[in-house]
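1. Provide a 3D model corresponding to the input given below.
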Amino acid sequence: MMRRYFLLIVGVTVLALLIPAAVEACPSCKTIDDPIVQGFKWSILFLMAMPYIVSGLIGGGVFYVYYRAHRADNRKSPSNIKGV
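-> Below you'll find the model as predicted:
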């Protein structure tokens, strides 16, 4: 059963590589200097970077809140020390 799926996947991949029209189906691969293609490229880069930016901002905010709370706890003088 597993061999059957493997052969199917390999066959489809080989077939896709042998047909040049299927390989060049991406419109941005044909004219790389076109301004529309450059816009698509930048939009894809921004869309790929956005999850990392959002998670970094959330993680940085959590770290900052934790750091400030921990720093505020260390500033308090201990009240159980006698004679000081």
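2. Look up how far Phe46 lies from Met2.
-> 40 Å (Cβ to Cβ, to the nearest Å). No exception for glycine: its C-beta is placed from N, CA and C like everyone else's.
3. Neighbour count: those two, which is higher?
-> With neighbours defined as other Cβ atoms under 10 Å, Met2 and Phe46 compare such that Phe46 has more, 10 against 6.
4. Can you name the helix or strand that that one falls in?
-> Using DSSP states H and E, Phe46 sits in helix 35-75.
5. Give me the distance from that helix to the chain's centre.
-> Chain-centre distance of helix 35-75: 11 Å, with Cα atoms, centre = their mean, to the nearest Å.
6. for stretch 3-16, same thing?
-> Using Cα atoms, centre = their mean, the offset of stretch 3-16 from its chain centre is 29 Å.
7. Could you export stretch 45-54 as PDB, CA atoms only?
-> In PDB, the C-alpha atoms belonging to stretch 45-54 read as follows (Å, rounded to 0.1, in the frame of the first residue of the first chain):
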ATOM      1  CA  LEU A  45       8.200  38.500   1.600                       C
ATOM      2  CA  PHE A  46       6.100  40.700   3.800                       C
ATOM      3  CA  LEU A  47       3.400  38.000   4.200                       C
ATOM      4  CA  MET A  48       6.100  35.400   5.100                       C
ATOM      5  CA  ALA A  49       7.700  37.700   7.700                       C
ATOM      6  CA  MET A  50       4.500  38.900   9.400                       C
ATOM      7  CA  PRO A  51       4.000  35.800  11.700                       C
ATOM      8  CA  TYR A  52       7.600  36.100  13.000                       C
ATOM      9  CA  ILE A  53       7.100  39.800  13.600                       C
ATOM     10  CA  VAL A  54       3.900  39.300  15.500                       C
END
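8. what is the mean pLDDT for it?
-> Stretch 45-54 shows a mean pLDDT of 94.
9. now stretch 6-25
-> 76.
10. mind listing what's buried in that stretch?
-> Residues of stretch 6-25 classed as buried: none (neighbour count, 16 or more other Cβ atoms under 10 Å).
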